[in-house]
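[1] build the 3D model from these lines:
(2 chains)
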Amino acid sequence: MLNEYIVSLLKDFVGFSEEDISIPKKNFGDISISTAFKVAKINHTNPLVIAENIKEYILSKDNVHAIKEIKIVNGFTNIFFDDRFLIDKLYKFTHYITDKRGNTVWIEHTSINPNKPLHVGQLRNSCIGDSLIHFYKSIGVNDVRGLFYFDNTGLQVITLLYAIIINHENFDLEGKKDHIAGKIYTKISKQLEENETLKDELKEFAKLAENQNHEYYRRLMDVTNLILLANIQTLRDFNISKFDIVVKESDVYGFIDEVFDNLKSLGIIEREVDGKNAGCFVSKNLYDNDNKEIPDKILIRSNNTYVYSAKDLVYRLLILHLTKFSFSFERGENNGISEYVTTNTDDPNKNIEKIDTYPSKFMLVVGNEQSFPEKVLSAIIKKITDKREMIHIGYDHVLISKEIMKELGFSIGDDTKKAYRMSGRKGNVISADDILAKFTEYIANENIKNKRDVNAEMNKIIASNAIKYFMLSRSYSTPICLDYKEVFSLEGNSAMYLMYAYARSKNILNQYYDVNSDIKQKSNSSVKTDNQTNITPSEKVLILKIFEFNSILKNIEKTNELNLLTNYVFELCNEFSSFYQSERILGHERECIRIKILEEFSKVLEKIFNIFGMIYFDKI
RNA sequence: GCUUCUGUAGCUCAAUUGGAUAGAGCAUCAGAUUGCGGAUCUGAAGGUUACAGGUUCAAAUCCUGUCAGAAGCACCA
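    Numbering: from 1, shown residues only, chains lettered A, B, ... in the order given. Below you'll find the model as predicted:
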């Protein structure tokens, strides 16, 4: 909005670039330009002189008199806009749309090992991934898809199956299958730690369960599918359901030999003749984005078996259309999971399809501890082609607090640690279901205490919003220490605060619409236009904050950091709250413009709620 | 041991990616309100950005060193 106008004036000014524009923290100006410093550095001149030049330049180009005043402070060029210009922009306000609409952005998140309930750490992953999907859609990218990797093979799930079949653990109990599986898995893990011979038996069992023609394999598929459905149900409770493509690990196996033969012939991986990796196929001579050498990574062991990353690589190459092979997908929503699910059958009765597009931008949301194998895979792909932009969204762990550990029944002793890592084997895990149930109950009690009339369904939605918002409001590199006190906070920068602000603005707007019901039908703007030529200081603060939305969206497109948006929306609601508290809106002589401000405010808020996948209400 | 990341108010986190006077929320204190040591509102206090140097108009941010913490470096999955 405002930035665009300044860019249009300054685009031919030598040394100017769009990044020089920023919104100052205090009342230095409506927007601020720092170009003078850059130019001064190159020319070895005084920045104050350059800033004066910029000022004169802008004023000479400003034919519509949009600018009221320009102040030079410490070398910054600070611009104050004319009220009429701001009002005009308010009535024409539209949200940022990217110029990369034709891009294909595929985002993979929440890869699941189906042997336990989804835990809060994975929930962080889901929240980030799902919100990024909504984000890219909201800025107008046409082809955005959510990918989901389903890890239904490997030792973890086979261990679970062993417990069910050989140890006769009851998987058919009433209840959510992921929770039943989690309990069985924790139990067998303890037994495995204590009993060495059990490990050998498990290895023998694994050979049978990996054989696709064996009964155990079919059973494995059945069990893991049931757990997957339970995991998906959990995500749906958090309003996370935008999965377009599901890739089952079991369907990757069919391609692995041929894809790797290809990689060998291309020289991407080489057999090591001597040294500690003798006999293995390794990736060599890879460089990361900073051109630093990446250590060799074994992909095929000396006994000709594949490591885990190998499967990952094959999956990635197929989905990115970098081999001559491609997945077959079963099409349709009837599987209860997503639009496309991989399959290895060629049953003519089923709706089998190929996907003939691939992403120009592939984003993977995965914990920071995975950054090494991820670097290897990205580097291999970069070696094959530079036509795929690979982005790794790494985030830090979700830890649990001492108090919660105690509550779960772990003896801490005089341990000085403040936070603990979760471990499925030990069973000190907080599942997403548990925290949602606990918080829902907490909200319900709060609402009874405050005599609010809120139904059970709403309590659950409020709880889910709050947890998601909490997860998203931290920058990715910050480890989250889970403590009920913090997650359950309904004050400050929390979802509850935003929902209240929204309900307040909606309340005023609805009252206005009731009185002025004729306006909505007559024109596409729902507000009477008036000839206001000035704005008050408190209005101006809120208007400028609303305009800032677009630069935030632009910035997120560049950095993918969603907490920029949580920070922004909190500040926005703060500005709204103080405006609401100090100024009258309905019945005031400035009613029209103030209603228009509220309309734009609530539109921005709605868009942000949608990005975060938060359900919102007109009334709370 | 090597690599990477992190270190900001008592606590939990921000800081437009090198910008102006480092900001919020809890907690604390002082007022206001009232059947409350509770709830709400207003305000205040709280900082040598782990430490020591360096780079420049400008450093929490970049470079070097030291200290502290976390993760990764498997023929594990």
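[2] hmm, which helix or strand of chain A has the shakiest average pLDDT?
    In chain A, the helix or strand scored least confidently by mean pLDDT, DSSP states H and E is helix A:517-522, which has a mean of 61.
[3] could you pull out the strands for the stretch 301-450 of chain A?
    A:328-331, A:340-343, A:352-353, A:361-367, A:389-395, A:398-401, A:419-420 (DSSP state E, counting those that start in this stretch).
[4] got the domain boundaries for chain A?
    Following automatic domain parsing, chain A resolves into domains at A:2-81, A:403-474, A:495-611.
[5] closest to residue A:160 out of these?
    domain A:403-474 (10.5 Å; Cβ to Cβ). To be clear about C-beta, it is placed using only N, CA and C from the backbone, and glycine gets the same treatment.
[6] and that closest one, anywhere near RNA strand B?
    Yes: looking at domain A:403-474 against RNA strand B by Cβ under 7 Å from any atom of the strand, the contacts come from A:418, A:421, A:473-474.
[7] residue A:378 against residue A:390, yeah?
    Yes: using Cβ atoms under 8 Å, residue A:378 makes contact with residue A:390 at a distance of 4.5 Å.
[8] so those two - more neighbours on which side?
    residue A:378 (22 against 19; other Cβ atoms under 10 Å).
[9] how near is the more buried one to RNA strand B?
    14 Å (Cβ to the nearest atom of the strand, to the nearest Å).
[10] how about that residue, what does it touch?
    Residues near residue A:378 by Cβ atoms under 8 Å, 6 or more residues apart in numbering: A:288, A:390, A:392.
[11] the last one - nearest residue in space that isn't next to it in sequence?
    To tie it back to what came earlier, the one meant is residue A:392. residue A:374 (5.0 Å; Cβ to Cβ, 6 or more residues apart in numbering).
[12] so how far is residue A:593 from the one you found?
    51 Å (Cβ to Cβ, to the nearest Å).
[13] so which of these two has more stuff around it?
    When neighbours are counted by other Cβ under 10 Å, residue A:374 and residue A:593 differ, and residue A:593 comes out ahead with 23 against 19.
[14] my read: residue A:280 touches residue A:273, true?
    No: under the criterion of Cβ under 8 Å, residue A:280 is not in contact with residue A:273, lying 10.3 Å apart.
[15] can you tell me which residues contact the residue most central in space within chain A?
    Taking Cα atoms, centre = their mean, the centroid of chain A lies closest to residue A:128, which sits 2.1 Å from it. Applying Cβ under 8 Å, 6+ apart to residue A:128 gives the contacts A:109, A:365, A:393, A:395, A:471-472, A:476, A:562.
[16] and the strand or helix carrying it, does that touch RNA strand B?
    Counting by DSSP states H and E, the element that carries residue A:128 is helix A:120-138. No: counting by Cβ under 7 Å from any atom of the strand, RNA strand B is not contacted by helix A:120-138; separation bottoms out at 12.0 Å.
[17] that helix: how far from the chain's middle?
    Centroid separation between helix A:120-138 and its chain, computed with Cα atoms, centre = their mean, to the nearest Å, is 3 Å.
[18] give me the mean pLDDT for that helix.
    For helix A:120-138, the mean per-residue pLDDT is 96.
[19] ok, stretch A:304-318 next?
    Here the average pLDDT along stretch A:304-318 is 95.
[20] for it, buried residues please.
    Going by neighbour count (16 or more other Cβ atoms under 10 Å), the buried part of stretch A:304-318 is A:306-307, A:309-318.
[21] cool, and stretch A:596-604?
    Neighbour-count burial for stretch A:596-604 [16+ other Cβ under 10 Å]: A:596-602, A:604.
[22] got the contact list for it?
    A:90-91, A:93, A:95, A:502, A:505-506, A:508-509, A:526-527, A:539, A:542-543, A:546, A:549, A:572, A:576, A:585.
[23] low-confidence ranges, the stretch 251-400 of chain A, go.
    Within the stretch 251-400 of chain A, the stretches with pLDDT under 70 are A:333-335.
[24] which residues in the stretch 501-620 of chain A form helices?
    A:517-522, A:537-559, A:563-582, A:591-611 (DSSP state H, counting those that start in this stretch).
[25] what's the most buried one of these?
    The highest mean neighbour count among those, using mean count of other Cβ atoms under 10 Å, belongs to helix A:591-611: a mean of 21.
[26] now that helix, how far from the centre of its chain.
    For helix A:591-611, the distance to the chain centre is 24 Å (Cα atoms, centre = their mean).
[27] what of stretch A:303-319?
    For stretch A:303-319, the distance to the chain centre is 26 Å (Cα atoms, centre = their mean).
[28] residue A:280 and residue A:273: which is more packed in?
    Legend: neighbour count by other Cβ under 10 Å for residue A:280 and residue A:273, higher for residue A:280 (21 against 8).
[29] what are the phi and psi angles of that one?
    Per-residue torsions, residue A:280: phi -100, psi 160 (degrees, to the nearest 10).
[30] find the nearest non-adjacent residue to it, please.
    residue A:298 (4.7 Å).
[31] which elements pack onto the helix or strand hosting the one you found?
    Using DSSP H and E, residue A:298 sits in strand A:297-300. For strand A:297-300, the elements it packs on are strand A:281-283, helix A:308-319, judged by 3 or more Cβ pairs under 8 Å, 6 or more residues apart in numbering; DSSP states H and E.
[32] tell me what the shortest one is packed against?
    Right, strand A:281-283. strand A:269-271, strand A:297-300, helix A:371-384.
[33] what do you get for the longest one?
    With contacts defined as 3+ Cβ pairs under 8 Å, 6+ apart, the packing partners of helix A:308-319 are strand A:245-248, helix A:253-266, strand A:297-300, helix A:371-384.
[34] nearest to residue A:46, of these?
    helix A:371-384 (45.0 Å).
[35] mind listing what's buried in the closest one?
    So helix A:371-384, judged by 16+ other Cβ under 10 Å, has buried residues A:373-382.
[36] stretch A:470-482 now?
    A:470-474, A:476, A:480-482.
[37] still on that earlier bit, JSON lines please, covering the helices and strands packed on strand A:281-283 and showing distance to residue A:239.
    Listed next are the helices and strands packed on strand A:281-283 as JSON lines, based on distance: least, Cβ to Cβ, whole Å:
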{"stretch": "strand A:269-271", "distance to residue A:239": "42"}
{"stretch": "strand A:297-300", "distance to residue A:239": "38"}
{"stretch": "helix A:371-384", "distance to residue A:239": "28"}
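[38] nearest to residue A:65, of the ones you listed?
    helix A:371-384 (51.1 Å).
[39] what about the nearest residue to residue A:406 once chain neighbours are set aside, neighbour count?
    Distances taken as Cβ to Cβ, 6+ apart put residue A:412 closest to residue A:406, at 6.2 Å, once the chain neighbours are dropped. Residue A:412 has 12 neighbouring residues, counting by other Cβ under 10 Å.
[40] OK, contacts around residue A:412?
    A:402, A:405-406.
[41] quick one, grab the pLDDT at the residue lying closest to residue A:75 once chain neighbours are set aside.
    Nearest residue to residue A:75, sequence neighbours excluded (Cβ to Cβ, 6+ apart): residue A:47, at 3.8 Å. pLDDT recorded at residue A:47 is 90.
[42] surely residue A:47 and residue A:35 touch.
    No: between residue A:47 and residue A:35 there is no contact under Cβ under 8 Å: 9.4 Å.
[43] between the two, who's got more neighbours?
    Neighbours per residue (other Cβ under 10 Å) separate residue A:47 from residue A:35, with residue A:35 holding more: 24 against 21.
[44] do you know the pLDDT at the more buried one?
    For residue A:35, the predicted pLDDT is 94.
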